[in-house]
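Asker: below: sequence and its predicted model.
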Amino acid sequence: MNEARYSRQMLFKHIGSNGQEKIMNAHVLIVGMGALGTHLAEGLARAGVGELTIVDRDYIEYSNLQRQTMFTEMDAQERLPKVIAAERNLMAIRQDLKLNPYIEHVDRLFLETYAQDVQLILDATDNFETRQLVNDFAYKATIPWIYGGVVQSTYVESTFIPDKTPCFNCLMPQLPVINMTCDTVGVIQPAVTMTTSLQLRDALKILIGEATTPKLTYGDIWEGTHFTFGFSKLYNASCPTCGSQPTYPHLNATERQFASLCGRDTVQYENSDISQEMLETFLIHQAIPYKRNPYMLHFEYKKHRIVSFKGGRMLIHGMTKPQQAINLINQLFG
């Protein structure tokens, strides 16, 4: 252990050398590498977490730079996938970090393939659908996870421990209404920092084995309001995720070929039969201009910007409904 590097953290009475050793032996999954995810990844890397798995399905745009602290103008200009730019910066912070970056959409297959041996899952997403999937997986696999949400100047955070606390589904009816997104109403950096500070605090507690009390924290950094309440009594015995007879409905839901991205005016389309090589050949044959980097192709069709990743996943910008994407894909490929 490099004690000099982590000396100030080890001096903190709740961590010490034993706690630091536990942190350095930990493996954490961060779902999402946007505003929350970049803060969380950097914080955990600097804290000494031994292994990080990071996953995000998107790429960097100029609008990200105001709050996604690991990215630069060059990253946005090159339209780098978020996890690739994050990987470069995290390894510059700590060369001994074991880092697993994935440019993928998080679904059941991803979680069952890459998250079985993690000690903790951190939510850095922007939609309830993915959180419900993570919630189901975490409770089925008995892995703690930490929820975080931010929009405008508001923040919300909570920790879920399988077999010890009610799950996200039990808490949802009591959550403050945060059904807006930063793409529709904006977000300021202090609210992001507040959310991730709470998440990182609870992450360190969990990794060193300190007991946590089930509670939800939320507030408005602009207005200066801050609230915390416990939810241990919200347990629902008939909950399909943490109840007496769980069925994990979100984990077992049928995968959809099309999905709307929350607040992005973007629809995701997946077809594993379409390889990057096939698509590039098709675009050349159809005389459709395109650009590419080692990770994706991007082109325009009928005034819609389309970004294609390896594995047959595409982001179709300028629409919100899956049926619009279906129509466009049918027109494009026939």
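Answerer: Nice, I can see it.
Asker: use CA for all of it now, contacts and neighbours both
Answerer: OK.
Asker: mean confidence score for stretch 300-311?
Answerer: Stretch 300-311 shows an average pLDDT of 90 in the prediction.
Asker: CA-only coordinates of that stretch in PDB, if you can.
Answerer: Extracted in PDB, the C-alpha atoms of stretch 300-311 (Å, rounded to 0.1, in the frame of the first residue of the first chain):
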ATOM      1  CA  GLU A 300     -27.000  12.400 -41.500                       C
ATOM      2  CA  TYR A 301     -30.100  11.000 -43.100                       C
ATOM      3  CA  LYS A 302     -33.200  13.100 -43.800                       C
ATOM      4  CA  LYS A 303     -31.900  15.800 -41.400                       C
ATOM      5  CA  HIS A 304     -31.400  13.400 -38.600                       C
ATOM      6  CA  ARG A 305     -27.900  12.900 -37.100                       C
ATOM      7  CA  ILE A 306     -27.200   9.200 -36.600                       C
ATOM      8  CA  VAL A 307     -24.300   7.800 -34.600                       C
ATOM      9  CA  SER A 308     -23.500   4.100 -34.900                       C
ATOM     10  CA  PHE A 309     -21.400   2.100 -32.400                       C
ATOM     11  CA  LYS A 310     -19.900  -1.300 -32.700                       C
ATOM     12  CA  GLY A 311     -22.400  -4.100 -32.000                       C
END
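Asker: list the contacts of that stretch.
Answerer: Stretch 300-311 is contacted from outside by 271-276, 288-290, 295-299, 314-318, 332, using CA atoms under 8 Å, 6 or more residues apart in numbering.
Asker: out of those, which end up buried?
Answerer: For the contacts of stretch 300-311, a neighbour count by 16 or more other CA atoms under 10 Å gives the buried set as I274, S275, Q276, M296, L297, H298, F299, M314, L315, I316, H317, G318.
Asker: which ones among the residues you listed are found in strands?
Answerer: Counted as lying in strands by DSSP state E, out of these, are M296, L297, H298, F299, M314, L315, I316, H317.
Asker: what is the most widely separated pair among these?
Answerer: Farthest-apart pair in those is M296 and H317; separation 14.8 Å (CA to CA).
Asker: show me which residues of the host helix or strand of L40 are buried.
Answerer: Taking DSSP states H and E as the definition, one finds L40 inside helix 35-47. Neighbour counts over helix 35-47 (16+ other CA under 10 Å) mark A35, L36, G37, T38, H39, L40, A41, E42, G43, L44, A45, A47 as buried.
Asker: let's see the helix or strand just after that helix as CSV, backbone CA atoms only.
Answerer: Later in the chain than helix 35-47, the nearest helix or strand by DSSP H and E is strand 51-55. Output in CSV follows, covering the C-alpha atoms of strand 51-55 (Å, rounded to 0.1, in the frame of the first residue of the first chain):
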residue,chain,number,x,y,z
GLU,A,51,-11.0,-1.8,-9.5
LEU,A,52,-13.6,0.3,-11.4
THR,A,53,-16.0,-0.8,-14.1
ILE,A,54,-17.5,2.1,-16.0
VAL,A,55,-20.2,1.9,-18.6
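Asker: for the next helix or strand after strand 51-55, list the C-alpha coordinates in PDB.
Answerer: Moving toward the C-terminus from strand 51-55, the next helix or strand (DSSP H and E) is helix 73-78. Taking Å, rounded to 0.1, in the frame of the first residue of the first chain, the C-alpha atoms of helix 73-78 are listed here in PDB:
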ATOM      1  CA  GLU A  73     -13.100  20.700 -25.900                       C
ATOM      2  CA  MET A  74     -10.900  18.300 -27.900                       C
ATOM      3  CA  ASP A  75     -13.000  15.300 -26.600                       C
ATOM      4  CA  ALA A  76     -16.200  17.000 -27.800                       C
ATOM      5  CA  GLN A  77     -14.600  17.900 -31.100                       C
ATOM      6  CA  GLU A  78     -13.600  14.300 -31.700                       C
END
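Asker: can you give me the helices for the stretch 201-334 of the chain?
Answerer: 276-285, 322-333 (DSSP state H, counting those that start in this stretch).
Asker: same thing with the stretch 51-200 of the chain?
Answerer: Going by DSSP H, counting those that start in this stretch, the stretch 51-200 of the chain shows helices at 73-78, 82-93, 108-114, 128-141, 168-171, 182-185, 189-208.
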